[in-house]
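**Student:** quick one, what's the 3D model for this:
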Amino acid sequence: MDSLIEKLNIFDLFTMLIPGIIISTLLSVSLSWKYYNIWINYGNEKYLIFVVLSYLCGMFLQQFGNIVDEKLLYSIIYGGRL
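**Tutor:** Numbers count the residues shown, from 1 in each chain. Presented below is the predicted three-dimensional model:
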């Protein structure tokens with residue numbers, strides 16, 4: 001567990017976890033009405049599931065942003081290719 005905490009740094013917090021939490025919160029609010037009865041049956045593991053899904057969602061958003069930045073914005077701003 002200590003090695004996992006050591007691997008998470010401030011970069012991961014701001015670039016992956018926080019955007020992932022925002023998107024996951026928006027998705028969970030919209031889906032909560034439909035799956036509320038299933039969600040309340042989970043114990044404390046629902047918070048772990050939420051954090052893991054938020055981190056994965058944030059990682060996806062960061063990778064998508066890197067692709068857009070490298071492929072699209074770099075050619076528009078600098079007029080070149082990587």
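**Student:** look up the pLDDT of Asp2 for me, please.
**Tutor:** Asp2 is assigned a pLDDT of 59 by the prediction.
**Student:** same check, this time on Asn9
**Tutor:** Reported pLDDT for Asn9: 68.
**Student:** now this protein, which segments are flagged as low pLDDT?
**Tutor:** 1-10, 12-13, 29-32, 80-82 (pLDDT under 70).
**Student:** what does stretch 28-43 rub up against?
**Tutor:** Lys46, Ile49, Phe50 (C-beta atoms under 8 Å, 6 or more residues apart in numbering). C-beta here means a position set from N, CA and C on the backbone, and glycine is covered the same way.
**Student:** which parts of the chain are helices?
**Tutor:** 2-7, 10-12, 18-39, 45-68, 74-78 (DSSP state H).
**Student:** can you add mean neighbour count and give the ones you listed back as TSV?
**Tutor:** Below are the helices of the chain laid out as TSV (neighbours: other C-beta atoms under 10 Å):
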stretch	mean neighbour count
helix 2-7	7
helix 10-12	10
helix 18-39	12
helix 45-68	14
helix 74-78	10
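**Student:** ok, now how distant is the spatially most central residue of the chain from Tyr47?
**Tutor:** Nearest residue to the geometric centre of the chain (C-alpha atoms, centre = their mean): Gly58, 1.8 Å. Separation of Gly58 from Tyr47 (C-beta to C-beta, to the nearest Å) stands at 16 Å.
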